[in-house]
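Visitor: Got a predicted model here, sequence first, then my questions.
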Amino acid sequence: MIIFIYPLTFSWDQQEYDINEERNVEHESLNHRYASATQDLDTDWQSSKKRQLYNKPSSQLLNMRRMLQGMIKTKKFKDVEKLGEMIEAKEKEESALAAEKMQIDYSVADNRLRDLYETERIAIEGKFETKMNNLIRLRDTNLRPIIQRVENLKKAKEEAIINSKKVGCLEPTTKSRAITSSKQSSRQSSRQSSRVSPARVPAFLATPKLNVPAFSPKKRKSIATSNPASPMICRPQTRQSETRSSLSSRGYSYR
């Protein structure tokens with residue numbers, strides 16, 4: 001069965017293979033384009049131009065720096081040291097917040113880029129899934145009659161094997177019954193034939209010749225004088241006379 005169906009399914013398997021190969025090619029192209037896009041994104045976010053968007057100090061920090069410069073000009077050194085510590089702490093705080101904001105914005109841009117290519121990947125999957133479903137539907141439609149025919153042939157073969165086994169089992173029984181019935185019929189016929197006596201036919205109808213009585217030769221004395229001590233010589237009985245006498249004793253008539 002497999003050898004019979006395999007040449008028919010080979011072309012469908014080849015078409016399925018071609019669809020998968022085409023999908024793999026588009027996936028590789030998508031991955032290559034996505035890798036290139038992410039590299040460009042990383043290069044952009046590592047540039048000084050992008051960094052300048054996040055390293056601008058707040059207006060409060062700018063005012064504190066102007067105040068520090070004024071104190072240095074007026075030589076108020078006691079207040080300069082204290083204000084300098086405050087400015088340093090403020091710069092660290094704003095730098096951490098700027099770095100955090102930059103990282104958040106970078107993640108948003110990266111997710112947006114990934115979602116863009118993920119949407120394209122889903123579209124590719126949907127396109128090739130439709131192709132594969134159409135191929136499977138067409139293949140099932142074309143192969144269904146052939147598969148059904150193969151199943152019918154297989155079922156017919158199994159039924160033929162079962163029937164041959166049944167016939168093989170019934171033949172000895174039928175033969176034995178036939179032999180038994182033939183033996184019984186032969187026995188019955190032999191019994192009937194033995195019970196019915198043969199019809200007696202009148203002698204003048206059985207033989208058209210004259211009914212001459214049997215000839216009996218006369219008894220003679222031997223020429224030579226017999227010795228009483230020696231046995232008498234008797235005439236031997238022929239085979240034909242023996243056969244006739246046996247048949248007559250059994251009740252059969254002969255012509």
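Guide: Right, received. Where do you want to start? Numbering: from 1, shown residues only.
Visitor: alpha carbons only for contacts and neighbour counts from here, please
Guide: OK.
Visitor: Could you pull out the buried residues of stretch 32-42?
Guide: 34, 37 (16 or more other CA atoms under 10 Å).
Visitor: For that stretch, which outside residues touch it?
Guide: 110, 113, 114, 117 (CA atoms under 8 Å, 6 or more residues apart in numbering).
Visitor: pLDDT below threshold where in this protein?
Guide: 1-10, 168-255 (pLDDT under 70).
Visitor: redo that, cut-off 80
Guide: Within the chain, the segments meeting pLDDT under 80 span 1-10, 12, 74-79, 143, 146-147, 166-255.
Visitor: Go through it and flag its longest helix.
Guide: helix 77-195 (DSSP state H).
Visitor: Let's have the contacts of stretch 32-42 in JSON lines, adding neighbour count and distance to residue 138.
Guide: Below are those laid out as JSON lines (neighbours: other CA atoms under 10 Å; distance: CA to CA, whole Å):
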{"residue": "110", "neighbour count": "16", "distance to residue 138": "42"}
{"residue": "113", "neighbour count": "15", "distance to residue 138": "38"}
{"residue": "114", "neighbour count": "15", "distance to residue 138": "36"}
{"residue": "117", "neighbour count": "17", "distance to residue 138": "32"}
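Visitor: Could you report the neighbour count for residue 83?
Guide: 17 (other CA atoms under 10 Å).
Visitor: Make sure it is actually in contact with residue 69.
Guide: No. Contact criterion CA atoms under 8 Å: residue 83 and residue 69 do not qualify, at 10.3 Å.
Visitor: could you say what helices and strands the host helix or strand of residue 62 packs with?
Guide: Remark: residue 62 resides in helix 59-73, with elements defined by DSSP states H and E. When contacts are defined as 3 or more CA pairs under 8 Å, 6 or more residues apart in numbering; DSSP states H and E, helix 59-73 packs onto helix 77-195.
Visitor: circling back to that earlier point, show me which pair in the contacts of stretch 32-42 is furthest apart.
Guide: Spanning the widest gap among those are 110 and 117, at 10.9 Å by CA to CA.
Visitor: just to revisit the earlier point, can you pull the buried residues of the helix holding residue 62?
Guide: 61, 64, 65, 68, 71.
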